[in-house]
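1. A predicted structure for the sequence below; I have some questions about it.
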Amino acid sequence: MKKDKNKDNKHGVSQSDLYQLSSYAIRRKAKDLFLIYPETILDLSNKKDNVKSPSVVFKIKDEFSDEIIVIRVIKVPIIHHDFPNIDMSIKMENHFKESEDILINKLRSEFDALGKYINS
């Protein structure tokens, strides 16, 4: 199979972040970790085009313990959803409040799902 050079197999997650989290997991004997990353402008664009972002999960084998470390990436919105076409007739304070509410709801949703995952 031919590899697509334009495809990002790490979905924007940096190699150094994966390395750091893997090191932490090994040191702390953790098996399930979560990496919170900001949504990018491309993520926003895909949302507007109704393109669902893939659920990003990395499985890394700890060669010393023969255990699998699972790293789940949670992308959170930090950029206003209408960026760069923000309605300037509305106070910026209202845009920030709306963005804050969306961020809090996203985090609640992800951590509620995490609770279901842990309790299953």
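-> Structure's in. What do you need? Residues are numbered from 1 along each chain as shown.
2. lowest average confidence across helices and strands of the protein, where is it?
-> When each helix and strand of the chain is scored by mean pLDDT, DSSP states H and E, helix 41-48 comes last, with a mean of 68.
3. centre of this structure to the edge, which residue is at the far end?
-> Distance from the C-alpha centroid of the chain, by C-alpha atoms, centre = their mean, peaks at residue 89 (31.5 Å).
4. and that residue, how far from residue 81?
-> Using C-beta to C-beta, to the nearest Å, we find residue 89 at a distance of 17 Å from residue 81. All C-beta spots, glycine's among them, are computed from the backbone N, C-alpha and C.
5. still on that earlier bit, quick check: the residue farthest from the centre of the chain vs residue 80, distance?
-> Note on residue 89: its distance to residue 80, by C-beta to C-beta, is 15 Å.
6. cool, residue 14 as well?
-> Taking C-beta to C-beta, one finds residue 14 at 24 Å from residue 80.
7. in terms of neighbours, single out the busier of these two.
-> Each of residue 14 and residue 80 has its neighbours counted (other C-beta atoms under 10 Å); residue 80 has more, 17 against 11.
8. which ones are touching the more buried one?
-> By C-beta atoms under 8 Å, 6 or more residues apart in numbering, residue 80 lies in contact with 86, 95, 98, 99.
9. same thing but 7 Å
-> 86, 95, 99 (C-beta atoms under 7 Å, 6 or more residues apart in numbering).
10. got it, and residue 56?
-> Contacts of residue 56 by C-beta under 7 Å, 6+ apart are 11, 13, 73.
11. buried only: go through the residues you listed for me.
-> Buried members of these, scored by 16 or more other C-beta atoms under 10 Å, are 13, 73.
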